[in-house]
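Student: Next input, structure requested:
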Amino acid sequence: MTNDAPPRWDRKMQQRLVHGEAAALGELYDRFASLVHGLAHRVLGDEGGADRVTREVFGYVWEHPEAYDPKEGPLRSWIASLAHRHAVSRLRRTEDDGERPAAEIEAKVRAASAAARADYIVTSMPAPLRAALDLAYFRRLDYRQAAARLGVTEDEARRRLRLGLQLLSTAHEGPRAVAPPGKAALR
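Tutor: Okay, the predicted model is just below:
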């Protein structure tokens, strides 16, 4: 099974949720709970908070399945964005209860958001790019060693690393609109 659910699966899952099928929620939870919890933990840095956000997100999905529009993208992306929004909202509420200046809170939210986007980008990127990055940056292999381990040419290993890094570099930029070919992306 791939990380991204096929659009047909997304539509069927939404229909099952709209009809109140509890087994559908269980399947959805099994498939995406680790994603939601991981993103929430990355933003909050707190296991208990991540658990609460995970419950909140799946509660929201159960109560509002019609809020998902398959035409807008994969169910996985919608759930990840819900997790991020809920986690950032919880972080702001928690930090607002303290005595920290608003600018410090917002800086923490921005840093946590970039980290969560980076995690999501890595988990969503194609397996060959993810494998190349893993070998080069986590296992400390150079591109030649990575190429040998992956069974590809050195040029292919460099290409995979370059593409993976290009994808990761977008994490700090935040979400942006995707432009049609030949047009500039909207900011």
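Student: hey, where'd the helices end up in this protein?
Tutor: Per DSSP state H, the chain carries helices over the ranges 7-18, 22-44, 47-63, 75-96, 102-124, 127-133, 143-150, 154-169.
Student: what angle separates the helix or strand bottoming out on mean pLDDT in the chain from helix 75-96?
Tutor: Least confident helix or strand, the chain: helix 102-124 with a mean of 76, by mean pLDDT, DSSP states H and E. Angle, helix 102-124 to helix 75-96, by axes from the mean of the first three to the mean of the last three Cα atoms, to 10 degrees: 160 degrees.
Student: what's the domain layout of this protein?
Tutor: Here the domain parsing of the chain from automatic domain parsing is 1-124, 126-174.
Student: any idea of the mean pLDDT in the shortest one?
Tutor: Regarding domain 126-174, the rounded mean pLDDT is 89.
Student: The residue most central in space within the chain - nearest residue in space that isn't next to it in sequence?
Tutor: The centre of the chain sits closest to Y120, judged by Cα atoms, centre = their mean, with a distance of 2.8 Å. Spatial nearest neighbour of Y120, excluding adjacent residues (Cβ to Cβ, 6 or more residues apart in numbering): A80 at 5.5 Å. C-betas here are computed from N, CA, C, even on glycine.
Student: so what pLDDT did that neighbour get?
Tutor: 90.
Student: Same check on the one 3 residues further on?
Tutor: The score at A83 is 93. That number is its pLDDT.
Student: cool, N3 as well?
Tutor: Looking at N3, its pLDDT stands at 47.
Student: next one: P101
Tutor: P101 is given a pLDDT of 68.
Student: same check, this time on P180
Tutor: 38.
Student: just to revisit the earlier point, do you know how far the residue nearest to the centre of the chain is from F58?
Tutor: Distance of Y120 to F58, computed by Cβ to Cβ, to the nearest Å: 18 Å.
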